[in-house]
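*Asks:* Give me the fold of what follows.
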Amino acid sequence: LQRNFTRGRRVNQVAAVCLYIFCRLERRPYMLIDFSDHLSVNVYALGAVFLQLLKLLRLDEHGTLTKPIDPSLFLNRFVDRLRLPTQELKSKVGNTAMRLVQSMKRDWMLTGRRPSGICGAALFLAAHIHGVEKTKRDVIAIVHIGWATVEKRVMELAETRDAQLTL
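*Replies:* Residues are numbered from 1 along each chain as shown. Below you'll find the predicted structure:
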């Protein structure tokens, strides 16, 4: 307020960005798109406010805020949204998805990728490994990514040496 950052910006957007910064610093599993959905605001508009606030507060060089988010933070939340019938199946799918994300991390597949795309591919594959019939459309609705993104991440994972491994 002292620097007039709210002038010309919607207060709810500034508040959402402040909450998002707090979530990032505390490693909470929330993405900017979650806030934009709640506010019914374009995620890119909210992203612009985020970047402007980081620059104003001189947080644009803060390691936690500039490094990519670890996708494994979001997996439990996304697994819950799959609405699997038993806790045991949730646990199996979640553990397999976590291993897939770790494999992608080892193969440098996270670089330049959004966490939701990585999680989407891992969830889709983990569900099918355990015999859960979830379509790409189901996964897309949960992680907020496009059809082509899931396809690309699955194909990228298929090209790694870990793709030849079995359970």
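*Asks:* Okay, helices next: where are they in this protein?
*Replies:* Applying DSSP state H to the chain gives helices spanning 11-25, 32-39, 43-56, 63-66, 72-81, 87-106, 115-129, 136-143, 147-158.
*Asks:* Would you mind giving these as CSV with mean neighbour count and mean pLDDT added?
*Replies:* All C-beta atoms are positioned from the backbone trio N, CA, C, and that covers glycine. Converted to CSV, the helices of the chain look like this (neighbours: other C-beta atoms under 10 Å; pLDDT from 0 to 100):
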stretch, mean neighbour count, mean pLDDT
helix 11-25, 16, 90
helix 32-39, 17, 89
helix 43-56, 16, 88
helix 63-66, 11, 69
helix 72-81, 18, 86
helix 87-106, 18, 86
helix 115-129, 24, 86
helix 136-143, 18, 84
helix 147-158, 16, 80
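*Asks:* ok, and what's touching stretch 134-151?
*Replies:* Residues from elsewhere that reach stretch 134-151 (C-beta atoms under 8 Å, 6 or more residues apart in numbering): 31, 33, 37, 74, 78, 81-82, 114, 116-117, 119-121, 123-124, 127-128.
*Asks:* For residue 130, give me its contacts.
*Replies:* Applying C-beta under 8 Å, 6+ apart, the residues near residue 130 are 89, 92, 93, 96.
*Asks:* what's the closest of those to residue 46?
*Replies:* Nearest to residue 46 out of the contacts of residue 130 is residue 93 (C-beta to C-beta; 30.6 Å).
*Asks:* Tell me which residues touch that closest one, please.
*Replies:* 79, 82, 84, 123, 126, 127, 130, 132 are the contacts of residue 93 under C-beta under 8 Å, 6+ apart.
*Asks:* got a list of what the residue nearest to it when sequence neighbours are not counted touches?
*Replies:* Leaving aside its chain neighbours, residue 93 sits nearest to residue 126 (4.8 Å; criterion: C-beta to C-beta, 6 or more residues apart in numbering). Residue 126 sits next to 93, 94, 96, 97, 100 when contact means C-beta under 8 Å, 6+ apart.
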